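Enquirer: missing the sequence, but the structure's below:
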């Protein structure tokens, strides 16, 4: 499913125009994006949560040259599905 499919589905289920559904979807994603940029963790009950993990610096390798490269530390955003969502996925 892509964003356009999500908008069409919401518009159909709520009996609203696609423009209204698109506004709602965009507002939802913008709100989540703003919270992530502020460093907040997001939890949507029954769906899952978006959290950060800190990766430490490590040594890597340049695949072209084979020379060692230092990879700096960074934050990584990951999604953890809720218990309910996991159960629904494993049920099918």
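Expert: Structure's in. What do you need? Note that the coordinates shown come from a computational prediction; the quantities given were computed from them, not determined experimentally.

Enquirer: From now on I want contacts and neighbour counts done on CA atoms only, so please keep to that.
Expert: Will do.

Enquirer: Where do the strands of the chain begin and end?
Expert: Taking DSSP state E, the strands of the chain run over residues 42-44, 48-55, 58-61, 68-71, 74-81.

Enquirer: can you put those strands in a markdown table and add mean pLDDT and mean neighbour count?
Expert: Shown next, in a markdown table, are the strands of the chain (pLDDT from 0 to 100; neighbours: other Cα atoms under 10 Å):
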| stretch | mean pLDDT | mean neighbour count |
| --- | --- | --- |
| strand 42-44 | 94 | 14 |
| strand 48-55 | 93 | 14 |
| strand 58-61 | 94 | 11 |
| strand 68-71 | 95 | 12 |
| strand 74-81 | 94 | 13 |
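
Enquirer: Out of these, flag the one nearest residue 23.
Expert: Ranking the strands of the chain by proximity to residue 23 (Cα to Cα) places strand 42-44 first, at 19.9 Å.

Enquirer: Walk me through which strands the closest one pairs with, and which way each runs.
Expert: strand 48-55 (antiparallel) (DSSP bridges).

Enquirer: got the angle for the strand it pairs with vs strand 74-81?
Expert: Counting by axes from the mean of the first three to the mean of the last three Cα atoms, to 10 degrees, strand 48-55 lies at 150 degrees to strand 74-81.

Enquirer: quick one: which of the strands of the chain is nearest residue 87?
Expert: strand 74-81 (9.8 Å).

Enquirer: How many residues are close by residue 64?
Expert: 6 (other Cα atoms under 10 Å).

Enquirer: Find me the pLDDT at it, would you?
Expert: Per-residue pLDDT puts residue 64 at 93.

Enquirer: For the chain, give the helix that spans the most residues.
Expert: Scanning the chain for the helix with the most residues, using DSSP state H, yields helix 18-37.

Enquirer: Can you name the residues in contact with it?
Expert: With Cα atoms under 8 Å, 6 or more residues apart in numbering as the test, helix 18-37 has contacts from 7, 8, 10, 11, 41, 42.

Enquirer: what's the angle from that helix to strand 74-81?
Expert: Orientation check (the same axes, to 10 degrees): helix 18-37 against strand 74-81 gives 130 degrees.

Enquirer: in helix 18-37, what's buried?
Expert: Residues of helix 18-37 classed as buried: 18, 21, 22, 25, 32, 36 (neighbour count, 16 or more other Cα atoms under 10 Å).
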